[in-house]
Structures are given as structure tokens and as C-alpha cells.
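> here are the coordinates; sequence isn't available:
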């Protein structure tokens with residue numbers, strides 16, 4: 001006859017509870033893993049579906065140049081994100097590194113879209129550079145408490161570098177096609193755009209200007225052949241005026257070409273220029289090249305590189321990305 005000891009009886013009575021806790025822990029672990037994988041896909045593997053850089057690929061926005069209707073229901077939403085890294089001296093003797101990682105939610109309409117962008121930003125700088133609508137630009141110092149250090153073996157102080165991270169400026173961006181190019185037609189596709197920047201970034205940390213900005217623009221797309229597309233945009237932004245710094249309103253434009261290597265792979269090359277925010281500084285000018293790879297009707301990957309041409313722009317930049325529409 002087998003005798004069950006009291007300690008064994010206690011273990012048997014607690015066994016169901018232990019198994020239940022173990023199953024719950026397993027489910028929580030699996031759920032955390034899936035959420036982590038989804039965030040990695042949407043946020044780290046993301047091209048500038050963000051502000052600033054997201055408008056650099058008009059041909060990748062998913063609109064038909066000829067207005068041909070797709071068969072079946074159209075997607076109404078797109079979710080995406082981006083990781084956009086830049087480095088440069090911006091005409092100073094100190095290098096600034098930035099990382100812009102936004103999450104975007106886009107409502108797609110028949111002739112346009114409305115896009116909400118919520119970014120997380122990191123800036124390693126001496127406060128000479130900050131983000132303006134997702135683009136790093138020289139502002140000659142907006143930090144309330146700029147870091148200072150004493151030079152080795154010397155006297156006085158000098159501005160040092162710190163890394164600041166946090167919520168960036170939230171953006172609301174819209175685009176509307178006034179006219180869509182017809183097959184065999186002469187007129188290009190014509191679109192208007194508008195954006196509003198809310199000052200949600202911390203100005204004291206050098207993550208933003210702390211002021212509202214508004215802007216608008218006009219763009220065209222023209223099919224030159226079955227594979228080659230002409231792309232151009234121009235815009236004007238009313239820049240908020242933070243205390244202690246005189247920032248100018250900013251015009252900007254870009255022009256370039258897009259090329260369909262295959263129907264699912266679209267490449268672009270742009271020249272870009274914008275007015276310097278501070279009078280007397282060089283206008284930021286750069287060359288930007290990007291690729292959009294449409295894996296399925298609803299999922300695409302994108303990547304891009306940037307090379308600055310003046311002290312007003314970062315020396316180098318790079319991005320990767322993904323988006324899913326449904």
C-alpha cells in the first residue's frame with residue numbers, strides 16, 4: 001500500500017494553481033514577443049513615413065498616375081513608422097547626431113490622405129541643431145540650459161555635448177490631388193498639401209522649437225515614359241518665434257526623377273533646398289535617393305540615403321522603413 005505523505009498531498013492540491021500560473025506566464029511571454037516583433041517591424045523597419053522625409057517619395061504614395069481604379073475594395077488606412085539617422089557639423093566645430101523614429105497613422109481617401117505623425121527623437125548636440133517638422137536644422141541654440149565644461153588646463157567655459165531623447169513634435173499632414181494625370185494626356189498630376197506642427201517636443205532639451213508651425217505646398221508628378229516619372233514639390237512654412245532666437249519663415253522645394261525598375265520596385269533621386277532659419281547661414285541643400293519595394297498590394301519596404309551639399313544640411317543621413325495598409 002502506497003502512503004502519500006502530507007507534503008505530497010499539499011503539492012498535489014497546489015498543482016492546478018501552479019499549472020495555471022505557468023500557462024498564464026507562457027501566454028504573457030508569447031504576447032510580449034508578438035508585440036515586440038510587430039513594433040520592430042513597424043517602427044524600426046521604417047522609412048520616412050514620417051514628417052520631413054516622408055514627402056520625399058511622392059511616387060511611393062500609392063496613388064495611380066492615370067486614375068485607374070483597382071478591382072475590389074480600396075484600403076482606407078495605412079500604419080507605418082521610420083528610423084531616420086543623420087550626422088553632420090552644420091558649419092560648426094561640433095558633430096550633431098540625430099535619430100527620428102516616428103509612428104504614423106494615415107487615413108486614405110479617393111483623392112488624398114490625412115496623416116498623423118507621432119515621433120520619438122534623439123539628439124546628441126551642443127544645442128546648435130534641433131528638429132523642425134522632423135528635419136534637423138541649425139537654430140544656433142534653443143536649449144534653456146546648454147551644457148558647459150571647463151577646458152583642460154584652461155579657464156572659462158565652453159559649450160559641451162549632451163544626448164537628449166523624448167517625444168518629438170506631433171504633425172498633422174494632408175495631401176489632396178487637384179488633378180490626376182490621364183493616360184496619353186499632357187497635364188501632370190497636381191496636388192496640394194498642408195501641415196500643422198504641434199509643439200509637443202521639449203525645447204529646453206533641444207528637441208524642438210516649442211512653437212506652432214503651419215505650412216502648405218504644391219506638387220506635380222508627370223509620367224515621361226512607361227517607367228520614368230518627373231517629381232517636384234514647393235512649399236512655404238510659417239515658423240513659430242521662440243524667445244531669444246530670431247527664426248525666419250521657410251520656403252523649400254525639391255525636384256527629381258522616379259524610375260520603375262520593375263512594377264514593384266520604384267527608385268527616386270531628388271535635389272532639395274530650403275531657406276536657412278537663421279539669417280546669414282547657408283541654406284540646407286542635399287541630394288536624396290530612395291527605394292520603395294512593394295512586396296504585396298498592402299505591404300511595402302522603403303530605404304533612403306541623404307548627402308548634404310552645404311553646411312546647412314547634415315553631412316550624411318540614412319533611413320529604412322515599412323508600412324502596411326488595410
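Right, received. Where do you want to start? Here the structure is a predicted model, which is why all the values come from computation and not from measurement.
> all helices for this protein, in order.
6-39 (DSSP state H).
> so where's it uncertain?
Residues of the chain meeting the criterion pLDDT under 70: 1-73, 141-159.
> again, 80 this time
Within the chain, the ranges that satisfy pLDDT under 80 run 1-75, 140-160.
> got a list of what the nearest residue to residue 254 once chain neighbours are set aside touches?
Closest residue to residue 254 apart from its sequence neighbours, by Cβ to Cβ, 6 or more residues apart in numbering: residue 272 at 4.2 Å. The way it works is simple: take the backbone N, C-alpha and C, and place the C-beta from them, glycine included. Residues counted as contacts of residue 272 (Cβ atoms under 8 Å, 6 or more residues apart in numbering) are 56, 252-254, 284-288.
> likewise residue 119?
By Cβ under 8 Å, 6+ apart, the neighbours of residue 119 are 50-51, 100-103, 134, 167-171.
> distance of residue 313 relative to residue 88?
Per Cβ to Cβ, to the nearest Å, residue 313 is found 7 Å from residue 88.
> more neighbours, those two?
With neighbours defined as other Cβ atoms under 10 Å, residue 313 and residue 88 compare such that residue 313 has more, 28 against 24.
> so the more buried one touches residue 286, yeah?
Yes - assessed by Cβ atoms under 8 Å, residue 313 is found in contact with residue 286 at 4.5 Å.
> which residues are in contact with both of the two?
residue 306.
> circling back: between residue 313 and residue 88, which contacts overlap?
Common neighbours of residue 313 and residue 88 (Cβ under 8 Å, 6+ apart) do not exist.
> can you give me the strands in the stretch 101-250 of the chain?
112-125, 129-132, 135-138, 148-149, 158-159, 162-167, 170-179, 189-198, 213-223, 228-238, 250-262 (DSSP state E, counting those that start in this stretch).
> quick one: buried residues of the first one?
Read it as strand 112-125. Residues 112-113, 115, 117-125 are the ones in strand 112-125 that count as buried (16 or more other Cβ atoms under 10 Å).
> okay, those residues in JSON lines with distance to residue 304 next?
Listed next are the buried residues of strand 112-125 as JSON lines, based on distance: Cβ to Cβ, whole Å:
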{"residue": "112", "distance to residue 304": "23"}
{"residue": "113", "distance to residue 304": "20"}
{"residue": "115", "distance to residue 304": "18"}
{"residue": "117", "distance to residue 304": "17"}
{"residue": "118", "distance to residue 304": "21"}
{"residue": "119", "distance to residue 304": "17"}
{"residue": "120", "distance to residue 304": "19"}
{"residue": "121", "distance to residue 304": "18"}
{"residue": "122", "distance to residue 304": "19"}
{"residue": "123", "distance to residue 304": "20"}
{"residue": "124", "distance to residue 304": "21"}
{"residue": "125", "distance to residue 304": "22"}
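> quick one: which two of those are the most distant?
With Cβ to Cβ as the measure, no two of the buried residues of strand 112-125 lie farther apart than 112 and 124, at 36.9 Å.
> from residue 255, how far off is residue 296?
From residue 296 to residue 255 the distance is 31 Å (Cβ to Cβ).
> these two: which is more packed in?
residue 255 (14 against 9).
> follow-up on the earlier one: now rank the contacts of residue 272 by neighbours and give me the top one.
Compared across the contacts of residue 272, residue 284 has the highest neighbour count, 26 neighbours, by other Cβ under 10 Å.
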